[in-house]
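Asker: Turn this into a structure:
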Amino acid sequence: MSSSPQRLHPAILVIKVLTSFRRWFGITSVPWLFVLFRDGISSSRVLLLLAVVAISIVASGVWAVLSWRATVYFVRGNAFHFRQGVIGKNERTVPLDHIQSVDTVQGPVQRLFGIVEVRVETAGGGGTEADVSLAAVARPAAQQLQQALAPRRPSVAAIDAVEPDAPAPLLVRRLSTGRLLLAGATSGQIGVALPIIFTISQLFDDVLTPDFVLAYAQDWLPGSFAGIVVIAAGVLLLAWLVAVGGTVLAYAGFSLSRDGDSLRITRGLLERREVTIPINRIQAIQVVENVLRQPLGLVLVKMESAGYGADAGVSTTLFPLLRRTEVEDFLQATAPEFAVWPVLQRLPQRARRRYVLRSAFPFLFIALPASALLAWQDRPVLAPLPLIMAALAAAYGVLRFRGVGWALSTGRLVISHRTLSHVIVIAPQRRLQSRSLLQSPFQRRARLATLIVRVGRGSAFEITDLDATVAGEVLYRLGPAGVQATP
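Answerer: Residues are numbered from 1 along each chain as shown. All right, here's what the predicted structure looks like:
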């Protein structure tokens, strides 16, 4: 890559025209349709609308050409420069050592022209958008730019001398079609899909009225209860299919490659994303088993990276679906520092009562008066139901207690915890930013304490109700950054 100013690929003209037209059409389509249909459609109104559309496209094209000529980027003097602006000139200079990541995204239009969008993120980025976005860059130029802005920070002379035949990234693992569909089927995202379905259903309220639905339900279903069950099952099935479709769109073509000291992730069906993450910025690995995947022995592997992207700490999918038995070998091939799977130590038995009470107490607080009220209203069949819910909450507390474990092995802290999902966190000791020990009055009576560790600036993990003596020893072994507090 030369240090002289470079322009974006000419395909940016098409992208800008389409973007401007889509924005204009989204704002003005409703008023224009109202005008057309209010007094009837006439040829003069249609011609006027077409003329306005044509003028808008031409004006957008002229502006796109001027913007393209005014936009340049280059690397010079250990800094990345980005200059744009037709009327008011705006130049941004980003020191190379402030750049956290250089990722590429390929939407449908970019894929049509064989180009990519390059997104440059810095350590001080605080918004949802990239700090610098180059919407149309030829793939060879994008690769050279990624090498120029890589964490090794080569000099300009080294940038000019980049070998065009550099070795390709080593493919570590690719997500097969079968596992992609299995990942979608077991993603557990039905709760996310349900609000989408209910929102879309509001658009059809004028057609699918309650009377209309009930009329057909009475014709086709044997009874009201059966109708409710079938409709609920249909909604859940539709939500499940939406969740599967969302997973397929997000993770189709998922591949993980090792490129020197960085990991390169490529994924996406409609919008192709390519993310490069320096291995030395990975702070922790999370191995997640949701409820659907636990019986099948399947896991999702995520990574916590410090200062990556627009946030202080970001959780990113490292691989969407693996067998539990494959995790250690997978980590050995991708990030060997995290490849550890020790035998976990468990909480003392006296901590179990606290987990049960924390889970069951809110239900007991409601269940006892609710059960008494149902019995007083002469509903003996329903009276035990609140108590059954409290018993299930207590069983959930036991399950959470059994899911907690920890180990400190070869300088790596491993924490296991459970909500509905079972999560194992692996964090090298040198990656921990802070350690703290908390002990409430109730914990002090039971000789228990809570150990909290923080990785980077974004994520914190804790071991609740650890033996107080053991917690102090672990805090000491983790290093001098530990801070003890007793609220």
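Asker: and stretch 378-388, which residues are buried?
Answerer: Using 16 or more other CB atoms under 10 Å as the test for burial, stretch 378-388 gives Ala383, Pro386. (C-beta placed from N, C-alpha, C; glycine too.)
Asker: how long is that stretch end to end?
Answerer: Using CA to CA, to the nearest Å, the end-to-end distance of stretch 378-388 comes out at 18 Å.
Asker: List the contacts of that stretch.
Answerer: With CB atoms under 8 Å, 6 or more residues apart in numbering as the test, stretch 378-388 has contacts from Phe363, Ile366, Ala367, Leu368, Ala370, Ser371, Ala372, Leu374, Ala375.
Asker: model confidence over stretch 336-346, on average?
Answerer: Mean per-residue pLDDT for stretch 336-346: 91.
Asker: what's near enough to touch the most centrally placed residue in the chain?
Answerer: For the chain, the residue nearest the mean C-alpha position is Thr316 (5.8 Å; CA atoms, centre = their mean). By CB under 8 Å, 6+ apart, Thr316 lies in contact with Ile265, Val275, Ile277, Lys302, Met303, Ser305, Tyr308.
Asker: hmm, back to that, filter the contacts of stretch 378-388 down to the buried ones.
Answerer: Among the contacts of stretch 378-388, the ones that count as buried by 16+ other CB under 10 Å are Phe363, Ala367, Ala370, Ser371, Leu374.
Asker: immediately after the strand or helix carrying the fourth one, which helix or strand?
Answerer: Ser371 belongs to helix 352-376 when elements are defined using DSSP states H and E. Following the chain from helix 352-376 toward its C-terminal end, the next helix or strand by DSSP H and E is helix 385-403.
Asker: so that next one versus helix 352-376, what angle?
Answerer: The directions of helix 385-403 and helix 352-376 differ by 170 degrees, with axes from the mean of the first three to the mean of the last three CA atoms, to 10 degrees as the criterion.
Asker: Report the buried residues of helix 385-403.
Answerer: For helix 385-403, by 16+ other CB under 10 Å, it's Pro386, Met389, Ala390, Ala393, Ala394, Tyr396, Gly397, Arg400, Phe401, Gly403.
Asker: For it, what is the distance to the chain centroid?
Answerer: Offset of helix 385-403 from its chain centre (CA atoms, centre = their mean, to the nearest Å): 30 Å.
Asker: hang on, the earlier thing: identify all contacting residues around the helix holding Ser371.
Answerer: 380, 382-387, 389-391, 393-394, 396-398, 400-401, 442, 446, 448, 465.
Asker: Just send the buried residues of helix 385-403 back as JSON lines, with pLDDT and distance to Ile15 too.
Answerer: Shown next, in JSON lines, are these (pLDDT from 0 to 100; distance: CB to CB, whole Å):
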{"residue": "Pro386", "pLDDT": "79", "distance to Ile15": "59"}
{"residue": "Met389", "pLDDT": "85", "distance to Ile15": "55"}
{"residue": "Ala390", "pLDDT": "84", "distance to Ile15": "58"}
{"residue": "Ala393", "pLDDT": "89", "distance to Ile15": "53"}
{"residue": "Ala394", "pLDDT": "91", "distance to Ile15": "58"}
{"residue": "Tyr396", "pLDDT": "92", "distance to Ile15": "51"}
{"residue": "Gly397", "pLDDT": "92", "distance to Ile15": "54"}
{"residue": "Arg400", "pLDDT": "94", "distance to Ile15": "50"}
{"residue": "Phe401", "pLDDT": "95", "distance to Ile15": "55"}
{"residue": "Gly403", "pLDDT": "93", "distance to Ile15": "49"}
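Asker: Low-confidence regions, the protein specifically.
Answerer: Scanning the chain for pLDDT under 70 picks out 1-2, 21, 24-42, 45, 123-130, 150-168, 190-231, 306-315, 456-458, 480-487.
Asker: Quick one: the helices in it, in order.
Answerer: Here the chain has its helices, by DSSP state H, at 12-38, 43-70, 108-113, 139-148, 156-160, 177-185, 190-201, 210-220, 224-251, 327-334, 352-376, 385-403, 441-445, 468-478.
Asker: To Arg92, which of these lies closest?
Answerer: helix 43-70 (13.7 Å; CB to CB).
Asker: Count the residues that sit near the closest residue to Gly245 other than its chain neighbours.
Answerer: Ranked by CB to CB, 6 or more residues apart in numbering and with sequence neighbours excluded, the top spatial neighbour of Gly245 is Gly184, at 7.3 Å. Per other CB atoms under 10 Å, the neighbour tally for Gly184 reads 24.
Asker: what's near enough to touch Gly184?
Answerer: Applying CB under 8 Å, 6+ apart, the residues near Gly184 are Ala243, Val244, Gly245, Gly246, Thr247, Val248.
Asker: Same list (these) but as CSV, adding neighbour count and distance to Ala70.
Answerer: Output for the contacts of Gly184, formatted as CSV (neighbours: other CB atoms under 10 Å; distance: CB to CB, whole Å):
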residue, neighbour count, distance to Ala70
Ala243, 22, 44
Val244, 21, 45
Gly245, 13, 41
Gly246, 16, 39
Thr247, 21, 41
Val248, 15, 40
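Asker: will you turn these into JSON lines that also has distance to Thr122?
Answerer: Conversion of the contacts of Gly184 to JSON lines gives the following (distance: CB to CB, whole Å):
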{"residue": "Ala243", "distance to Thr122": "34"}
{"residue": "Val244", "distance to Thr122": "36"}
{"residue": "Gly245", "distance to Thr122": "34"}
{"residue": "Gly246", "distance to Thr122": "30"}
{"residue": "Thr247", "distance to Thr122": "31"}
{"residue": "Val248", "distance to Thr122": "32"}
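Asker: Looking at the chain, which strand is longest?
Answerer: strand 313-323 (DSSP state E).
Asker: Sort out which residues of stretch 325-333 are buried, please.
Answerer: Glu326, Val327, Phe330, Leu331.
Asker: oh, I was asking about stretch 412-422
Answerer: Buried residues in stretch 412-422 (16+ other CB under 10 Å): Arg412, Leu413, Val414, Ile415, Ser416, His417, Arg418, Ser421, His422.
Asker: do stretch 339-356 as well
Answerer: Ala339, Val340, Trp341, Gln345, Leu347, Ala351, Arg352, Arg354, Tyr355, Val356.
Asker: just the residues you listed now: which is nearest Leu292?
Answerer: Distance to Leu292 across the buried residues of stretch 339-356 (CB to CB) is lowest for Trp341, with 22.6 Å.
Asker: The closest one and Arg264: what is the separation?
Answerer: As for Trp341, its distance to Arg264 is 25 Å (criterion: CB to CB, to the nearest Å).
Asker: And for Ala471?
Answerer: 40 Å.
Asker: ditto for Ala375
Answerer: Going from Ala375 to Arg264 by CB to CB gives 64 Å.
Asker: Then Ala232?
Answerer: To Arg264, Ala232 is 43 Å away according to CB to CB.
Asker: Looking at these two, which one has more neighbours?
Answerer: The neighbour comparison of Ala232 against Arg264 (other CB under 10 Å) goes to Arg264, with 21 against 10.
Asker: The more buried one reaches Thr276, doesn't it?
Answerer: Yes. Counting by CB atoms under 8 Å, Thr276 is a contact partner of Arg264 at 5.2 Å.
Asker: from the buried residues of stretch 412-422, which two are the most distant?
Answerer: The largest separation in those, counting by CB to CB, is between Arg412 and Ser421 at 21.7 Å.
Asker: what number of residues lie near the closest residue in space to Thr469 that isn't next to it in sequence?
Answerer: Using CB to CB, 6+ apart and skipping the chain neighbours, the partner closest in space to Thr469 is Arg447 (7.5 Å). Applying other CB under 10 Å, we find 14 residues neighbouring Arg447.
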